[in-house]
Structure formats: structure tokens, C-alpha cells
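>>> Just to be clear, the model below is a prediction. Sequence and coordinates:
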Amino acid sequence: MKKVLVLCTGNSCRSVMAEALINHLGAGHYTAVSAGSFPAGYVHPGSLETLARHQVPVDKPRSKSWDEFSAHHFDLVLAVCDEAAKETCPAFPGRFERKHWSIPDPAKAEGSEAEVQRAFDDAFNLLKDRIEAELL
């Protein structure tokens, strides 16, 4: 079982959705957790609504610091935002692969409710496509 750490800055949207998608689509092959460099302290409701709308189970996610995992070994550290990819991660033990996927932040979407929902769906679909193409 490969262990994956998904990073973004706030750990409230993209990394939470990626964690849930990897655990759902990669069940039996991957186990994922997520964290942020500057955790927002909450999970964006739009992320949870998007996961529910696409029938991806999620188990009480919370926004947390990447320092929480500094003593854990990972096979893959995946940054899903440009800001986290530029930052220096804590020194995780052992060798691990690094990946960076530039996924737009749906939390910054503005407009009607439908337009904001579309931004979350777009981020979800980008993450799902990359996971299916590169991890599975």
C-alpha cells in the first residue's frame, strides 16, 4: 500500500478533495492524507458538497498542518497548488516521489451559486483525471 501526502496551502479545498479521491479510487493500492502549509482551520463546505454530489465518501476531514506528518514516511508527496509547491516542506523521513499538479483554487471562485459550484466541479474533475491517469 503506497502512502500519499496531499498538500496545498490551506488544506480546505483541493487537498481535501484529492485525499478523498485517492482513498476512494485507489482503495487497496493507496492511502492518502492531506495537510497544508498554513491551514485554514476549516474544510470549505463546497469541497464536502462536491464530494457528496459525486458520491465520493469522506470521513470527517479537518484542516491541519503538514507539521503533523513530519515524522511519517510517504511514498508520494503531491502538491495540488502552486503556492505549496514553492514552499519548503518539512523533512519527511525516507525517500519519496514529489509531484506538483497546478489545480485552480475553487475557493476563490466568484459569481452565482452555479458558477461557484462549477469551479468546484472543475477542480474535482481535474484532480480525478490526474489521479486516474498518473496514479492508477
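Yes, it's here. Numbering: from 1, shown residues only.

>>> What count of nearby residues applies to the closest residue in space to Lys128 that isn't next to it in sequence?
Closest residue to Lys128 apart from its sequence neighbours, by C-beta to C-beta, 6 or more residues apart in numbering: Leu21 at 5.7 Å. (C-beta placed from N, C-alpha, C; glycine too.) By the criterion of other C-beta atoms under 10 Å, Leu21 has 23 neighbours.

>>> Also Glu132?
Neighbours around Glu132, by other C-beta under 10 Å: 12.

>>> Skipping its backbone neighbours, what lies nearest it in space?
For Glu132, ignoring the flanking residues on the chain, the nearest one in space by C-beta to C-beta, 6+ apart is Leu25 at 6.7 Å.

>>> Is that neighbour in contact with Ala133, as I believe?
No - at 11.3 Å, Leu25 does not count as touching Ala133 under the criterion of C-beta atoms under 8 Å.
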